[in-house]
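Asker: Dropping a prediction and its sequence here:
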Amino acid sequence: EAEVAQSPRYKITEKSQAVAFWCDPISGHATLYWYRQILGQGPELLVQFQDESVVDDSQLPKDRFSAERLKGVDSTLKIQPAELGDSAMYLCASSLVGGRETQYFGPGTRLLVL
Amino acid sequence: AQSVTQLDSQVPVFEEAPVELRCNYSSSVSVYLFWYVQYPNQGLQLLLKYLSGSTLVKGINGFEAEFNKSQTSFHLRKPSVHISDTAEYFCAVTIPFPIGGGADGLTFGKGTHLIIQP
């Protein structure tokens, strides 16, 4: 069964350092989402891509976060500089075309900022 | 903007007993509704979804949910739980296209931790 791949699974970094997370969606899925899940909370959408275009980044803290999906396949989420409050699980999800289609989630990257 | 409220942060239930996890949503337009399950240190897995039609939706692992438009609720139920159902359960909504203009990221509730007691 096809799965969404994410790496790394765990990342520890120091405050003010740069970090990057990678996501490879299920083959053929045009829509890709990045969510952030703080411990004890539900996931919150950071950014949505349709192919290589950003559809929604209204909740992305653009002063420090950036996301790209250059060829419309895999995607990278970057934080620079990392802050203590960025410690969370970063989840990637993909779907065929969005909306009524099921979003399939990867295992996530757990980030700890010291 | 839409929002989701999960009324119980934690629900303890004895094994083989029935369970209901409550979810209420707020939206000025029609929505799609979802229930996801998250096991420790894993991503989320879809249990079931309501898009339209019959208000009773059946999902995987014996779960079902009922959409109630007048009460803006989408409660999740299972007639008999097992130890393996111990997990975090999330209710979520999104706005259908074209109302949402293609921005259809999920809005999640805070989750309900289902604890199965032997």
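Answerer: Now that the structure is in, tell me what you want to look at.

Asker: where does A:P25 sit relative to B:Q45, distance-wise?
Answerer: The gap separating A:P25 from B:Q45 is 16 Å, by C-beta to C-beta, to the nearest Å. The C-beta positions use only the backbone N, C-alpha and C, and glycine is treated the same way.

Asker: which of those two has more neighbours?
Answerer: A:P25 (27 against 15; other C-beta atoms under 10 Å in any protein chain shown).

Asker: Could you look up the SS state of A:L111?
Answerer: strand (DSSP: H, G, I helix; E, B strand; the rest coil).

Asker: Is it bridged to anything, and to what?
Answerer: A:K11, A:A88 (DSSP bridges).

Asker: ok, which stretches of the chain are strands?
Answerer: With no chain named, the answer covers chain A. A:5-7, A:10-13, A:19-24, A:31-37, A:44-50, A:53-56, A:65-68, A:75-79, A:88-95, A:104-105, A:109-113 (DSSP state E).

Asker: my bad, the chain I had in mind was chain B
Answerer: B:3-5, B:10-14, B:19-21, B:24-26, B:32-38, B:44-50, B:56-58, B:64-68, B:73-78, B:87-94, B:107-108, B:112-117.

Asker: Quick check: which of those strands is nearest to chain A?
Answerer: For chain A, the closest of the strands of chain B is strand B:107-108, at 3.1 Å, according to C-beta to the nearest C-beta.

Asker: who wins for proximity to B:A103 among the strands of chain A?
Answerer: With C-beta to C-beta as the criterion, B:A103 lies closest to strand A:53-56 of the strands of chain A, at 3.9 Å.

Asker: Name the residues of the closest one that are buried.
Answerer: For strand A:53-56, the neighbour count (16 or more other C-beta atoms under 10 Å in any protein chain shown) marks A:55-56 as buried.

Asker: got it, and stretch B:67-85?
Answerer: B:67, B:73-76, B:78, B:81, B:85.

Asker: And stretch B:49-63, by the same measure?
Answerer: Those would be B:49-50, B:57, B:59, B:63, for stretch B:49-63 by 16+ other C-beta under 10 Å.

Asker: just those residues that are near chain A?
Answerer: Filtering the buried residues of stretch B:49-63 for neighbours of chain A using C-beta under 8 Å from any C-beta of the partner chain leaves B:K49.

Asker: Which pair of the buried residues of stretch B:49-63 spans the longest distance?
Answerer: Taking C-beta to C-beta, no two of the buried residues of stretch B:49-63 sit farther apart than B:Y50 and B:F63, at 12.6 Å.

Asker: tell me the pLDDT at residue 111?
Answerer: All of this is about chain A. pLDDT, A:L111: 97.

Asker: meant chain B actually
Answerer: Confidence score, pLDDT, at B:G111: 97.

Asker: gap between it and chain A?
Answerer: 5 Å (C-beta to the nearest C-beta, to the nearest Å).

Asker: With adjacent residues omitted, what lies nearest to residue 36?
Answerer: Using chain A here. A:A88 (5.0 Å; C-beta to C-beta, 6 or more residues apart in numbering or on different chains).

Asker: let's do chain B instead
Answerer: Per C-beta to C-beta, 6+ apart, closest to B:Y36 is B:L44, 4.1 Å.

Asker: low-scoring pLDDT stretches of chain B, where are they?
Answerer: B:98-101 (pLDDT under 70).

Asker: Actually, chain A.
Answerer: A:98-99.

Asker: For it, what lies in contact range of chain B?
Answerer: So chain A meets chain B at A:4, A:31, A:33, A:35, A:40-45, A:48, A:50, A:55-56, A:58, A:91, A:93, A:98-100, A:102-108, A:110 (C-beta under 8 Å from any C-beta).
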